[in-house]
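[1] Here is a sequence together with a model predicted from it:
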Amino acid sequence: MQKKRLAGKKRTGSSRQRHVHEFQGSTRLAEEGADRHNHRFAGVTGQAIRSGNSHVHEINLEKTDFLNHFHNLKKIRTGPAIPVGNGKHVHFVTGRTTLNDGHTHRFHFATLIESPLI
């Protein structure tokens, strides 16, 4: 099966778009008592960035989901590609949110596979 090109899009040299990954996750709990909470988030990574024999992606996400305050995931880098079969791969991601309301949240998640329909 031949891939379709979008009209007006040329795939030349460095202007060629590299793949991205969708992701979703939840932070770990933070704070105590009635303020104990976590945040949910979802988004799309940046394009692939060559790293050694593999590649990584950068994540910049604003406004995780919560009722009265937000955290960002800023300049988070995924780990290298992890093969999952059929030429597909995912990435493991770990880090901390930005500081807000006197606390941060840790998170761990895996991206979804790249190009799931291709």
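    It's in. Residues are numbered from 1 along each chain as shown.
[2] Which strand runs longest in the chain?
    strand 88-96 (DSSP state E).
[3] What distance do you get for residue 37 to residue 89?
    33 Å (C-beta to C-beta, to the nearest Å). All C-beta atoms are positioned from the backbone trio N, CA, C, and that covers glycine.
[4] again but with residue 72, I slipped
    Distance, residue 72 to residue 89, by C-beta to C-beta: 26 Å.
[5] Could you do residue 73 as well?
    21 Å.
[6] Which one's more surrounded, these two?
    The neighbour count for residue 73 versus residue 89, taken as other C-beta atoms under 10 Å, is higher for residue 73 (24 against 18).
[7] The more buried one and residue 42 touch, don't they?
    No. In this structure residue 73 lies outside contact range of residue 42 using C-beta atoms under 8 Å: 10.9 Å.
[8] from the middle of its chain, how far away would stretch 31-39 be?
    24 Å (C-alpha atoms, centre = their mean, to the nearest Å).
[9] List the contacts of that stretch.
    With contact meaning C-beta atoms under 8 Å, 6 or more residues apart in numbering, stretch 31-39 is reached by 26-30, 64-66, 70-71, 97, 103, 105.
[10] Find the residue at the geometric middle of the protein.
    residue 45 (4.3 Å; C-alpha atoms, centre = their mean).
[11] List the residues that contact it.
    Listed by C-beta under 8 Å, 6+ apart, the contact set of residue 45 reads 20-23, 57-59, 78, 91, 111.
[12] can you give me phi and psi for the nearest residue to it once chain neighbours are set aside?
    In space, and not counting its chain neighbours, residue 45 is closest to residue 57: 3.7 Å by C-beta to C-beta, 6 or more residues apart in numbering. Torsion angles at residue 57 (phi, psi; degrees, to the nearest 10) stand at phi -130, psi 150.
[13] correct me, but residue 57 touches residue 91?
    Yes. Checked against C-beta under 8 Å, the pair residue 57 and residue 91 is within contact range at 6.3 Å.
[14] Next, show the common contact partners of those two.
    Shared between the contact lists of residue 57 and residue 91 (criterion: C-beta under 8 Å, 6+ apart) are residues 21, 45, 78, 111.
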